[in-house]
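A.B. asks: Provided below for reference: sequence and predicted model.
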Amino acid sequence: MGLDFSVLSSYWPAIAKGFLMTIYTWLASVVLGMLLGFLIAILQRHGGLVIRSVLRVYIEIIRTTPFLVQLFVLYYGGPTIGLDLSPTQAGVLSLTVYGSVYFAEVFRGGFAAVPKGQTEAAEFLGLSRFNVIWRVNVPQMLVIITPSLVNLIIILSKETAILSIVTVPELTAVMVQIGNEQFAHLETTLVLCVAYLILVAATERVGRWAEARSNHFLAR
């Protein structure tokens, strides 16, 4: 039997809704994960020994366990500690936590790559620690980490597919359901691949623009 995409004709509104849910969970997790990762990187750099030790344990636990396991623990285990989340809330939170440790490592590496002499010069001029971080370290750090940051954002976009396992109504869940109803698994899989290809290609294009702007800033 050949491909027959006509069986999907009545499902395009559901497919579009699932695609929007994928974009929502991805962007929400990226924004929250970057904020949490940035905070972790700052605390690792300027926090006390106890704080750094706790964060190191947190990072190692998240990095050494599969994302699917973390999702199950949060979604199925959350109610036992009073954390009763909807599938979408659990998906966004778990992806945020998962992404935060990798964002933190990217930020930490970026801070370490900023020439130490510039930080010392800013401190010598009397800038506060906040101003040294925000006005000296952060702009240069962002220029350095842009390619790694874009790559990590792309990786997180593909991890959204795992959220379908806990019934988050994102694109993968929608396409699996349609495939089961219409016995059109190949057609739905191809549409799913094209959708993620578009998402990744758009992210790469934005990333190249951001990298070009960063290089321009660095050259000034």
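C.D. replies: Nice, I can see it. Numbers count the residues shown, from 1 in each chain.

A.B. asks: I'd assumed residue 37 was in contact with residue 102.
C.D. replies: Yes: at 7.2 Å, residue 102 counts as touching residue 37 under the criterion of C-beta atoms under 8 Å. For every residue, glycine as well, the C-beta is placed using N, CA and C.

A.B. asks: Comparing these two, which residue is more hemmed in?
C.D. replies: More crowded of residue 102 and residue 37, by other C-beta atoms under 10 Å: residue 37, with 24 against 19.

A.B. asks: before we move on, which element is that one in?
C.D. replies: helix 12-46 (DSSP states H and E).

A.B. asks: what is the mean pLDDT for that helix?
C.D. replies: Here helix 12-46 scores 95 as its mean pLDDT.

A.B. asks: where does this protein dip in pLDDT?
C.D. replies: 1-2, 215-220 (pLDDT under 70).

A.B. asks: Geometrically speaking, which residue is the centre of it?
C.D. replies: residue 30 (3.7 Å; C-alpha atoms, centre = their mean).

A.B. asks: Now do the contacts for it.
C.D. replies: When the contact criterion is C-beta atoms under 8 Å, 6 or more residues apart in numbering, the partners of residue 30 are 99, 153, 156.

A.B. asks: Now that we have these, which of them are buried?
C.D. replies: 99, 153, 156 (16 or more other C-beta atoms under 10 Å).

A.B. asks: Now flag whichever of those residues is closest to residue 110.
C.D. replies: The closest of those to residue 110 turns out to be residue 153 (C-beta to C-beta; 14.8 Å).
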